[in-house]
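S.K.: Have a look at this fold, sequence not included:
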């Protein structure tokens, strides 16, 4: 199949259009919130949350016998939140360190989820079919209803991110200073984490609990390579997320046997690899070239002398100590 | 205009405990308006804890703090804060100007974004610390001294009456140290009150006019000429301090941190139990 016919299909084929739309929405939301998760060093928490959502999904089905997207997402959200609370409680009240606490929470919840899942599959209830897709994700099974739920929740999360942008930036950069200004940092932390949980749970059906965190981490990591501005990084991360979600979902729905989760992750990883190597300033290739250039410069003695005498235009000490404060 | 109260900060019976350990024990402290105060003491003496408790970042087990006669929550706009430079990630994707504008977030309040007015104020604050030309710079490209000046500029942008600074001299070059001292003296001249957690005992008499010697308890507090003496330093640092009997004191020649003697923390630790029971 060539590219042009694929693009035509994107607009004519109902399933493909739904899948593409869903994956793109998902990528935008997880990419944008992922950039904050990355900067706040919460990437692993994202992984724990997505694994921990599995028992929530299965329990929500067992209790309601419904597979309505809102029901399952609500279950996932509650479980994801409980896992986060448990994680925080463990760190606060025991001597267990963060990494161990995360591993413990992740494996416990995921184990419970798997146990419930196999139990449910034995039930003589045919409605349970499809729950197992939450493991590795199946974008091809996305329905319009699912995409609507994703867009609604994701859109809400993005709006809140925009509204509290300044406060979230303060929280991520300098929490204590923000608290000294009077902003309720704990509440903002809860809100931002809730948004992260939202971004994760809306992607579970398409990408799966096992690999959803990659869609949180990878686009943000790739975006960080290209810019030094938080706003640009967040937008770029959303774009990368959409790109990997879209391409992953398309490939997996066109190639039989390819699960969506792994395919999306591979697409995102390709973006990360590309960015790590090629991004200006931070990219490895760029860095290597720069080092080579400066080595060559230093080897030429006359030019190095020139560099020392003209370079380093630091703020003049005299000017600073001369009581620059007088203007107050 | 109402009559100016002369006491800027009043700390009463302040006790702060971390788990079972008292970090601060029954600290009483009065800081007059317009003074330049150093808080000195060994590692683990609770210097940063005192600052953070005054700023409401930590909850005391007992006691209270008043800023111009009222609790901190009512006086936020009067207070500027310079946290330790190492407390943030300097690889955060943001610019110098952006960080300085954070000093204005409190006045902006919820949701409102900084605009042209805030930008102008930020640039003015940067000018005061000699960093104007760095306004657009990504913060990861700054040296330690420049980072410290950015934090100072952010506090200046707060336009406060009292400034609390946590180790502003830590790991900065000589140029920045001189710039900070000039800035502190400028602040005092314009009637501001400045409280600085400080490490280098040698420079205390030169830079500050008041000093608080702290080691879990407040050992002494007052004008440098009155309380910055050998006996008080010995009581603060537990006797393991080498004195040169010359004008001005020197800690260990390098002005570095001194080890806490083993005997000292035992007393307040036991006292901490009482503190938790509400005394």
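M.R.: Ah, there it is. As the structure is a computational prediction, the values presented were derived from the model and not from experiment. Numbering: from 1, shown residues only, chains lettered A, B, ... in the order given.

S.K.: Need the per-residue pLDDT for the residue positioned nearest the centre of chain A.
M.R.: Closest residue to the average C-alpha location of chain A: residue A:216 at 1.4 Å, with Cα atoms, centre = their mean. Residue A:216 carries a pLDDT score of 93 in this model.

S.K.: so it makes contact with residue A:43?
M.R.: Yes: Residue A:216 is within contact range of residue A:43, at 6.8 Å (criterion: Cβ atoms under 8 Å). All C-beta atoms are positioned from the backbone trio N, CA, C, and that covers glycine.

S.K.: give the contact list for residue A:199.
M.R.: Counting by Cβ atoms under 8 Å, 6 or more residues apart in numbering or on different chains, residue A:199 touches A:29-30, A:32-34, A:154, A:157, A:216.

S.K.: run the last query once more with 10 Å
M.R.: Applying Cβ atoms under 10 Å, 6 or more residues apart in numbering or on different chains, we find residue A:199 in contact with A:26, A:28-34, A:36-37, A:46, A:49-50, A:153-154, A:157-158, A:161, A:212, A:215-216, A:241.

S.K.: Show me which residues of the stretch 151-300 of chain A sit near chain B.
M.R.: A:162-167, A:169-170, A:172-183, A:185, A:223-224, A:227-234, A:281 (Cβ under 10 Å from any Cβ of the partner chain).

S.K.: Out of these, name the ones that lie in helices.
M.R.: Counting by DSSP state H, these place A:162-163, A:165-167, A:169-170, A:172-173, A:175-181, A:185, A:223-224, A:230-234 in helices.

S.K.: now these: which count as buried?
M.R.: Among these, the ones that count as buried by 16 or more other Cβ atoms under 10 Å in any protein chain shown are A:166-167, A:169-170, A:172-173, A:175-181, A:185, A:223-224, A:230, A:233-234.

S.K.: any idea how far the closest residue to residue A:213 other than its chain neighbours is from residue A:258?
M.R.: Nearest residue to residue A:213, sequence neighbours excluded (Cβ to Cβ, 6 or more residues apart in numbering or on different chains): residue A:47, at 3.7 Å. Here residue A:47 is placed at a distance of 22 Å from residue A:258 (Cβ to Cβ, to the nearest Å).

S.K.: count of neighbours near residue A:148?
M.R.: Counted with other Cβ atoms under 10 Å in any protein chain shown, residues neighbouring residue A:148 total 15.

S.K.: Quick check: it touching residue A:202?
M.R.: No: Residue A:148 is not in contact with residue A:202 according to Cβ atoms under 10 Å; the separation is 11.0 Å.

S.K.: Now for the two: what residues contact both?
M.R.: Listed as contacting both residue A:148 and residue A:202 by Cβ under 10 Å, 6+ apart are A:22, A:25, A:69.

S.K.: And these, which is closest to residue A:277?
M.R.: When the shared contacts of residue A:148 and residue A:202 are compared for distance to residue A:277 (Cβ to Cβ), residue A:25 wins out at 29.0 Å.

S.K.: give me phi/psi at the closest one?
M.R.: phi -60, psi -50 (degrees, to the nearest 10).

S.K.: and the helix or strand residue A:71 falls within, how far from the chain's centre?
M.R.: Using DSSP states H and E, residue A:71 sits in helix A:69-93. Centroid separation for helix A:69-93 versus its chain: 17 Å, with Cα atoms, centre = their mean, to the nearest Å.

S.K.: And it, what's buried?
M.R.: The neighbour-count check on helix A:69-93 (16+ other Cβ under 10 Å) flags A:69, A:71-84, A:86-88, A:90 as buried.

S.K.: Equivalent analysis for stretch B:143-152, please.
M.R.: With burial defined by 16+ other Cβ under 10 Å, the residues of stretch B:143-152 counted as buried are B:145-152.

S.K.: Looking at the shared contacts of residue A:148 and residue A:202, which is nearest chain B?
M.R.: Nearest to chain B among those is residue A:25, at 24.7 Å by Cβ to the nearest Cβ.

S.K.: quick one: contacts for that closest one?
M.R.: A:147-148, A:150-155, A:158, A:202-203, A:206, A:241-242, A:245-246.

S.K.: Packing partners of whatever helix or strand residue B:231 lives in?
M.R.: Using DSSP H and E, residue B:231 sits in helix B:230-237. Counting contacts by 3 or more Cβ pairs under 10 Å, 6 or more residues apart in numbering or on different chains; DSSP states H and E, helix B:230-237 packs against strand B:36-40, strand B:210-215, strand B:217-223.

S.K.: And the ones you listed: which comes nearest residue A:195?
M.R.: The minimum distance between residue A:195 and the helices and strands packed on helix B:230-237 falls on strand B:36-40, with 39.2 Å, by Cβ to Cβ.

S.K.: so how far is whichever helix or strand comes after the closest one from its chain's centroid?
M.R.: Once the chain leaves strand B:36-40, the next helix or strand it forms, by DSSP H and E, is helix B:47-54. Centroid separation between helix B:47-54 and its chain, computed with Cα atoms, centre = their mean, is 8 Å.

S.K.: anything in helix B:47-54 near chain A?
M.R.: Yes: residues of helix B:47-54 are located near chain A by Cβ under 10 Å from any Cβ, namely B:51-52, B:54.

S.K.: And for stretch B:109-119?
M.R.: Yes: residues of stretch B:109-119 contacting chain A under Cβ under 10 Å from any Cβ: B:109-114.

S.K.: So which residues of the stretch 1-150 of chain B form strands?
M.R.: Taking DSSP state E, counting those that start in this stretch as the test, the strands found in the stretch 1-150 of chain B are B:7-18, B:21-32, B:36-40, B:62-67, B:79-82.

S.K.: Could you report the pLDDT at the residue of chain B found nearest chain A?
M.R.: Across chain B, no residue is closer to chain A than residue B:186, which sits at 2.9 Å (Cβ to the nearest Cβ). Residue B:186 carries a pLDDT score of 91 in this model.

S.K.: could you say which helix or strand contains it?
M.R.: helix B:174-189.

S.K.: pLDDT on the helix or strand following that helix, on average?
M.R.: Per DSSP H and E, the first helix or strand lying C-terminal to helix B:174-189 is strand B:193-197. Mean per-residue pLDDT for strand B:193-197: 94.

S.K.: Looks like residue B:185 contacts residue B:194 (just checking).
M.R.: Yes: using Cβ under 10 Å, residue B:185 makes contact with residue B:194 at a distance of 9.4 Å.

S.K.: Need the overlap of contacts for those two.
M.R.: By Cβ under 10 Å, 6+ apart, the residues touching both residue B:185 and residue B:194 are residue B:36.

S.K.: higher neighbour count, the two?
M.R.: Each of residue B:185 and residue B:194 has its neighbours counted (other Cβ under 10 Å); residue B:194 has more, 26 against 15.

S.K.: hang on, that one packs against residue B:81?
M.R.: No: using Cβ under 10 Å, residue B:194 makes no contact with residue B:81, being 11.6 Å away.

S.K.: Now do the shared contacts for those two.
M.R.: B:155, B:160, B:162-165.

S.K.: Which pLDDT value belongs to residue 239?
M.R.: As the question left the chain open, I've gone with chain A. Per-residue pLDDT puts residue A:239 at 96.

S.K.: nope, chain B please
M.R.: Model confidence at residue B:239, given as pLDDT, is 64.
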